[in-house]
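Asker: Generate coordinates for the sequence data below:
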Amino acid sequence: MNKVISKPIKLLPGVTITYKQSQFVITDILDLESVIGKNLDTQRSQRILVKDISPENIITLKQNANNLAAITDEDWQEANRMFSIIKPILEAGRGRRVLTVKQVSEEHEISQATLYRWISNYEREQRVSSLIRPTRRDKGLSRIDPNVEEIITKHINTSFLSEERPTPIRVWKLIKADCLKLRLPVPHVNTIRNRIGLLSDEVKITKRHGKEAARNKFRPLLGNFPNADYPLAVVQIDHSPMDIIVVDDVNRESISRPFLTCAIDVYSKVVVGYYISLDPVGALSTGLCLSHAILPKEAWLAKMDITTSYPVWGKMKVIHSDNAKEFHGNMLARACKEHNITIEKRPKGQPQYGGHIERAFGTYMREIHNLPGTTRSNVKDKGAYDSEGKACMTLEALEQWFAIFIVECYHQQPHQGNQGVPPIVAYERGLLGDSNQPGIGLPERIADEYKLKLDFMPYELRTVQEYGILLNDIYYYHDGLRRWIHATDPENRKAKLKFVCRYDPRDLSKIFFYEPDTEQYLEVPYRDITKPAMSIWELRAVKKQIKEDGYSAVNEELIFTGLRRMNDIVEREHKKTKSARIKKAKQKRWVNAKDHTTKPVAVSVQPQNGLESIDDIFSKTILPFDDIEESA
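Answerer: Purely as a prediction, here's the structure:
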């Protein structure tokens with residue numbers, strides 16, 4: 001079965017785009033939010049807003065590569081090996097592509113035809129998983145003989161990791177010779193490549209090129225942040241509690257300090273995305289922050305009632321973070337790798353790392369210290385100020401205040417780290433260029449926003465039974481699951497096939513079932529749709545209480561009974577206790593989580609009262625000189 005995918009939208013002169021169901025070619029970039037396009041049918045040029053450009057849907061052969069969580073480790077390692085080989089070609093640009101392909105072909109002993117096929121597969125979707133082959137390689141082969149394993153390990157450690165720097169194919173030939181001599185089965189050359197791919201870059205460079213080369217690459221000298229030479233080259237991300245107490249929106253009583261997860265562009269100091277929540281920071285808040293950073297901001301600006309533009313979108317090349325545990329998890333690591341985003345950890349004892357995001361947090365908190373209910377930076381600075389008594393801002397109000405501060409103040413003010421240039425101006429110059437430097441061009445717009453959001457959500461692997469799917473001791477069902485009941489694993493007929501089930505920790509009332517044949521997500525609700533929504537944190541609290549009550553096993557009935565009892569306590573006590581008010585505020589936020597994982601429906605937006613064509617003169621067709629008559 002074929003599948004339909006949406007290509008990323010490239011915004012470069014000469015690229016063909018779709019606007020109002022017509023084909024245009026981009027002839028010029030006006031600014032971060034608009035381009036000049038020439039209609040391919042009428043040959044008329046006009047200004048086109050970037051947000052109105054439609055993604056191009058293409059048909060491609062069905063592969064099993066689009067589902068991140070379902071990819072085997074072996075396939076994932078092979079896809080990463082292939083991508084690492086073609087990456088220099090992709091970065092070389094089309095002007096030098098032929099020469100670079102020839103060089104890479106000779107270096108890796110791979111035919112040019114194969115390289116071009118890999119490049120075509122990758123550029124079709126621009127995802128690493130698009131390089132995975134439709135069928136599993138080496139299917140049916142027995143496990144490697146321990147004696148062969150010993151030979152492989154020996155040659156990787158002594159031959160490959162040496163100053164002679166032999167190629168993987170040369171190492172394989174050495175292994176092959178030893179295996180034939182001992183009458184042992186010869187491993188496939190891809191097995192050797194995969195083993196080498198598991199080695200860290202630092203180990204390979206240290207052993208093959210020397211300690212000095214490794215030191216220069218992995219321990220940069222103090223000074224400016226390395227490689228942050230253009231917008232979205234390096235983005236720093238971190239968490240911090242905000243120096244303010246917020247109140248509930250019913251009784252205006254103090255509840256708690258919220259957490260801020262923020263991502264800034266190191267080159268321009270622009271805030272590319274952020275997320276504010278009362279929930280504990282971790283993989284969810286990081287994933288939501290990254291989604292906000294990568295996706296366009298028009299709908300978010302409307303929600304915040306902000307008219308100032310925020311033309312910041314696109315995938316960053318590198319994410320720089322501390323050693324937080326969420327970046328060690330499989331979900332975020334694989335999602336970033338899928339979208340060709342490199343995760344780098346902050347080295348210890350390197351003060352030039354981490355300083356940008358920490359200084360940014362300092363700037364934000366100094367502004368927050370002017371708000372009622374601030375906790376200041378420390379107890380000494382706070383003095384006798386009654387933070388809880390003075391608190392008056394709800395979390396929603398704080399979110400809007402912070403959005404206005406970032407978009408209308410912080411981005412527009414001169415920034416010392418940019419030699420006095422405002423962040424949004426530095427960002428625009430880096431993309432579009434100025435009289436002193438060329439720009440790199442506008443980043444690609446994400447075509448499938450729904451898929452990207454789900455890529456950064458956690459998942460579990462589950463089978464489908466007669467009752468549906470059991471996840472976290474809760475039953476889920478949809479008629480679309482029927483054909484997968486008791487499905488067996490095609491590679492092991494004795495085992496049940498496990499499917500990827502993604503979920504939003506803030507709202508467990510539905511899960512997202514990945515269908516292998518259509519390669520689309522199916523929203524599957526509770527089997528009993530009368531049950532109330534709950535968050536993962538509520539579920540954990542209920543299970544803990546069930547265990548404390550002496551029950552030996554947890555089931556769905558106990559869970560929802562316990563949830564109802566706990567919510568009754570919250571309703572009764574939220575006027576009296578802070579913990580109940582915090583819980584009540586969190587519940588309201590969790591309800592809004594449905595908006596994040598609701599699949600968008602395309603709508604046709606019509607101009608109101610003809611104002612669009614009247615007020616925006618650039619939206620009119622630009623006439624060629626041949627159509628302009630000289631006045632008498």
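Asker: Every contact and neighbour count from this point should use C-alpha atoms.
Answerer: Noted.
Asker: ok, which stretches of the stretch 1-150 of the chain are helices?
Answerer: Ranges of helices in the stretch 1-150 of the chain, per DSSP state H, counting those that start in this stretch, are 73-92, 97-108, 112-125, 146-155.
Asker: ok, so what distance separates Tyr477 from Glu523?
Answerer: The spacing between Tyr477 and Glu523, counted by Cα to Cα, to the nearest Å, is 10 Å.
Asker: for Val425, same thing?
Answerer: Counting by Cα to Cα, the gap from Val425 to Glu523 is 42 Å.
Asker: Comparing those two, which shows the higher neighbour count?
Answerer: Glu523 (20 against 17; other Cα atoms under 10 Å).
Asker: Checking that one next. Helix, strand or coil?
Answerer: What DSSP: H, G, I helix; E, B strand; the rest coil gives for Glu523 is strand.
Asker: Quick check: it touching Leu508?
Answerer: No. With contact defined as Cα atoms under 8 Å, Glu523 does not reach Leu508; the gap is 11.5 Å.
Asker: what residue ranges in the stretch 51-200 of the chain are flagged as low confidence?
Answerer: 56-73, 93-95, 124-125, 133-143 (pLDDT under 70).
Asker: repeat that with 50
Answerer: For the stretch 51-200 of the chain, the stretches flagged by pLDDT under 50 are 59-65, 135-142.
Asker: what's the answer for the chain, then?
Answerer: For the chain, the stretches with pLDDT under 50 are 1, 59-65, 135-142, 220-223, 351, 603-615, 617-618, 625, 627-628, 630-632.
Asker: quick one, domains of it?
Answerer: Domain assignment for the chain by automatic domain parsing gives 68-131, 146-218, 234-450, 457-595.
Asker: ok, and which of the ones you listed has the densest surroundings?
Answerer: With neighbours taken as mean count of other Cα atoms under 10 Å, the domains of the chain reach their highest mean count in domain 234-450, at a mean of 18.
Asker: returning to what we had before: could the domains of the chain be laid out in CSV, adding distance to Ser22?
Answerer: Conversion of those to CSV gives the following (distance: least, Cα to Cα, whole Å):
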stretch, distance to Ser22
domain 68-131, 21
domain 146-218, 45
domain 234-450, 17
domain 457-595, 27
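Asker: how about the nearest residue to Leu558 once chain neighbours are set aside, what does it touch?
Answerer: In this structure, Leu558 finds its nearest non-sequential neighbour in Ile546, 7.4 Å apart by Cα to Cα, 6 or more residues apart in numbering. Under the criterion of Cα atoms under 8 Å, 6 or more residues apart in numbering, the neighbours of Ile546 are 554, 558-559, 562.
Asker: Run through the strands of the stretch 201-350 of the chain in chain order.
Answerer: Using DSSP state E, counting those that start in this stretch, the strands found in the stretch 201-350 of the chain span residues 234-241, 246-247, 254-256, 259-265, 271-277, 318-321, 342-345.
Asker: Which of those sits closest to Gln43?
Answerer: Among the strands of the stretch 201-350 of the chain, the nearest to Gln43 by Cα to Cα is strand 271-277 (36.4 Å).
Asker: Contacts for that closest one next, please.
Answerer: Strand 271-277 is contacted by residues 258-265, 285, 288-294, 312-313, 399, 406, 411 when judged by Cα under 8 Å, 6+ apart.
Asker: Hmm, Asn330 and Ala283 touching each other?
Answerer: No. Look at Ala283 against Asn330 with Cα under 8 Å: they stay out of range, at 10.1 Å.
Asker: Now the common contact residues for the two.
Answerer: If you check Ala283 and Asn330 against Cα under 8 Å, 6+ apart, no residue is contacted by both.
Asker: Tell me how far Leu278 lies from Ala333.
Answerer: Distance from Leu278 to Ala333, by Cα to Cα: 24 Å.
Asker: Next: Glu202.
Answerer: 19 Å.
Asker: And Lys544, by the same measure?
Answerer: Taken as Cα to Cα, the span from Lys544 to Ala333 is 30 Å.
Asker: repeat for Glu253
Answerer: Look at Glu253 and Ala333: by Cα to Cα, they are 40 Å apart.
Asker: One more: Val271?
Answerer: Going from Val271 to Ala333 by Cα to Cα gives 22 Å.
Asker: Would you confirm that Leu470 belongs to a strand?
Answerer: Yes. Under three-state DSSP, Leu470 falls within a strand.
Asker: what bridges to it?
Answerer: Judged by DSSP bridges, the bridge partners of Leu470 are Tyr475.
Asker: For the residue lying closest to Gly14 once chain neighbours are set aside, name its beta-bridge partners.
Answerer: Using Cα to Cα, 6+ apart and skipping the chain neighbours, the partner closest in space to Gly14 is Ile26 (5.3 Å). On the basis of DSSP bridges, Ile26 is bridged to Gly37.
Asker: from what I can see Ile26 touches Gly37, true?
Answerer: Yes. At 4.4 Å, Ile26 counts as touching Gly37 under the criterion of Cα under 8 Å.
Asker: Which of these two has more residues huddled nearby?
Answerer: Between Ile26 and Gly37, Gly37 has the larger neighbour count (other Cα under 10 Å), namely 29 against 23.
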